[in-house]
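A.B. asks: Fold the stuff below for me.
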Amino acid sequence: MNYRMICYLSGQIIRVLGLLMLLPLLVAVIYHEPDARNAFALTAAVLVAAGTLITLKKPKTKDIYNREGMATVAFAWILVSLLGAAPYVLCGDIPSIPDAIFETASGFTTTGSTIVDNIEGMTHACLFWRSFSHFLGGMGVLILMLAIMPQNDTRMMYLVRAESAGPTAGKLTAKMSFSVRILYMIYLALTALETVLLLCGGMNFFDAITHAFSTAGTGGFSTLNNSVGGFDSAYADIVITVFMLLFSVNFTLYFLMLSDKFIQAIKNEELHVFLSIVVLSSLAIAVNIMHLYGGFFKALRYSSFQVLAFISTTGFATADFTDWPFFSQMILILLMFVGGCAGSTGGGLKVMRIILLFKTAVAEVRRVLNPRAVISVKCDGKAVDKEIVRSVSLYFVLFMLLAGTSMLILSLDGQDIGATVTAVITCLNNVGPGLSVISGGNLSCFSGWAKLLLSADMLLGRLEIYPMLVLFTMRKK
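C.D. replies: Next comes the predicted model:
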């Protein structure tokens, strides 16, 4: 294990994090918020200085492999969750350290759950930092660093694999550094387009860009206590619904479209399944709740928004879905597990894993019924490597074990079963809202230790378990 290289890359991350805090610092200056200005200025200065000092000592060898890549990613995400909480505490917006860590972890992991009761009472700088952390965490903290300060391709591949969401991660082009930059260009372009469209609908620039950041990272932090519903705008609902869908799609498909491979992109099986789930769920809920909204089309507006908010794991809200029939609530809970497509900014198990799990189950049943048959799991018309099928099954088992263990421990905090169960589900899947007292995504009802447990669940869910396991099982050889 190349510990010196892990330390060196962590120093680079700390320095980049400090530099990124200059943006909320600028917001604090614009809105004349001295406490926030001082908090972000101090934190940025300390992080840049500390990161620079750490990187002064170069490692003897810069080689890293799979284990180092996973350990680096896990350690970096823990660091940004801890260090990114400092401005909240220093400016007084979130004075409790466990609360600030929870809010920061929720931001960077794009979960969107919060412990803030009066969001509109926060400083503009902290509101910006909350949503900006979604934007940074959506594509990945290390992927951003690699886009800014490229490493050699072999090293980048291990880091990208450890941080990317989904069963596999590969190159879009021959050079990994170019692939990372292409992904970020697409990410930035979509975010900019959503910002412009929200501005066209009458939103001010601050609200437009913060909600675009939150949508891009499929996070869900809003500047209003009532989330997107506080704007009471059908136009804003439609724009954000569309972009929640776009950011839930595998970014590789956008690259294929830009490369004149449109037919290949739209034939993608995962895309077909994802869109089918969205359409069928939206229609089913719309029919189920139309009596609450006086008609099908108004019900469809609210159902489609909430379906995309849950399956994309964005977590925005335009309606109190706890007032909806139990059938509709159950659909939303199931969507929390499904999540977005592999290679998107969405959380959850990912549609590709759901497809492979279903096809694996069907294949096993067929083998039992016909033991002599040669049956393989196929996706997009091609046989899937047995190692990928095995890893998907193992991940699902680990995920369920982690969920069950977390629920059992969290039950000691004394909340009702609805809040306890859905708090773990929403944090592991990086969704945001839950049921019962946490329906609005506010988890302030939990104690300090419970919030730290849920923060750990958010990190485990965002990094898909393995990097954290590697970090905490490292041994010197």
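A.B. asks: What average pLDDT does stretch 448-467 get?
C.D. replies: Averaging pLDDT along stretch 448-467 yields 93.
A.B. asks: ok, Y466 to P34 distance?
C.D. replies: Counting by C-beta to C-beta, to the nearest Å, the gap from Y466 to P34 is 44 Å. C-betas here are computed from N, CA, C, even on glycine.
A.B. asks: These two: which is more packed in?
C.D. replies: Set Y466 next to P34 and count neighbours by other C-beta atoms under 10 Å: Y466 wins out with 19 against 11.
A.B. asks: what's the spacing between the nearest residue to the more buried one once chain neighbours are set aside and P98?
C.D. replies: Spatially, and ignoring its direct neighbours in sequence, Y466 is nearest to M70 (6.1 Å; C-beta to C-beta, 6 or more residues apart in numbering). As for M70, its distance to P98 is 27 Å (criterion: C-beta to C-beta).
A.B. asks: Which one's more surrounded, these two?
C.D. replies: Neighbour tally, M70 and P98, criterion other C-beta under 10 Å: the higher count belongs to M70, 24 against 18.
A.B. asks: State the number of residues packed around S439.
C.D. replies: S439 has 18 neighbours, counted by other C-beta under 10 Å.
A.B. asks: Tell me, what's the model's pLDDT at the residue nearest to Y466?
C.D. replies: For M70, the predicted pLDDT is 82.
A.B. asks: gap between it and L469?
C.D. replies: For M70 relative to L469 (C-beta to C-beta), the value is 8 Å.
A.B. asks: one step back: how near is the residue nearest to Y466 to E464?
C.D. replies: 10 Å.
A.B. asks: Same check on Y254?
C.D. replies: Taken as C-beta to C-beta, the span from Y254 to E464 is 22 Å.
A.B. asks: what does N268 give?
C.D. replies: From N268 to E464 the distance is 21 Å (C-beta to C-beta).
A.B. asks: Most distant residue from the centre of this protein?
C.D. replies: What lies farthest from the middle of the chain is R372; by C-alpha atoms, centre = their mean that is 43.2 Å.
A.B. asks: Does S455 touch L82 like I think?
C.D. replies: No: assessed by C-beta atoms under 8 Å, S455 is found out of contact with L82, at 9.8 Å.
A.B. asks: ok, the nearest residue to A45 once chain neighbours are set aside to V46 distance?
C.D. replies: If the residues on either side of it in the chain are set aside, A45 comes closest to G18, at 7.3 Å by C-beta to C-beta, 6+ apart. Note on G18: its distance to V46, by C-beta to C-beta, is 7 Å.
A.B. asks: thought M1 was touching G69?
C.D. replies: No: using C-beta under 8 Å, M1 is not in contact with G69, being 11.1 Å away.
A.B. asks: quick revisit: which pLDDT does the model give the residue nearest to A45?
C.D. replies: Reading off the model, G18 has pLDDT 95.
A.B. asks: next one: K298
C.D. replies: 94.
A.B. asks: try I375
C.D. replies: At I375, pLDDT is 84.
A.B. asks: how many neighbours does it have?
C.D. replies: 12.
A.B. asks: Please enumerate the helices of the stretch 51-200 of the chain.
C.D. replies: Secondary structure of the stretch 51-200 of the chain, counting by DSSP state H, counting those that start in this stretch: helices at 66-83, 86-91, 97-108, 124-139, 141-148, 153-163, 176-200.
A.B. asks: Identify the residues contacting the shortest one?
C.D. replies: Contacting residues not belonging to helix 86-91 are listed as 21, 24, 33, 35-36, 38-40, 42-43, 94-97, 99-100, 103-104, 123, 125-126, 129 [C-beta atoms under 8 Å, 6 or more residues apart in numbering].
A.B. asks: Grab the CA positions of stretch 332-344 and hand them over as CSV.
C.D. replies: Extracted in CSV, the C-alpha atoms of stretch 332-344 (Å, rounded to 0.1, in the frame of the first residue of the first chain):
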residue,chain,number,x,y,z
LEU,A,332,-41.9,6.1,-4.0
ILE,A,333,-40.2,4.0,-1.4
LEU,A,334,-39.4,1.3,-4.0
LEU,A,335,-38.0,4.0,-6.3
MET,A,336,-35.6,5.0,-3.5
PHE,A,337,-33.9,1.7,-3.9
VAL,A,338,-33.9,1.7,-7.8
GLY,A,339,-32.0,5.1,-8.2
GLY,A,340,-30.7,6.5,-11.4
CYS,A,341,-28.6,4.9,-14.2
ALA,A,342,-25.1,3.7,-13.8
GLY,A,343,-22.7,6.5,-14.8
SER,A,344,-25.2,9.3,-13.8
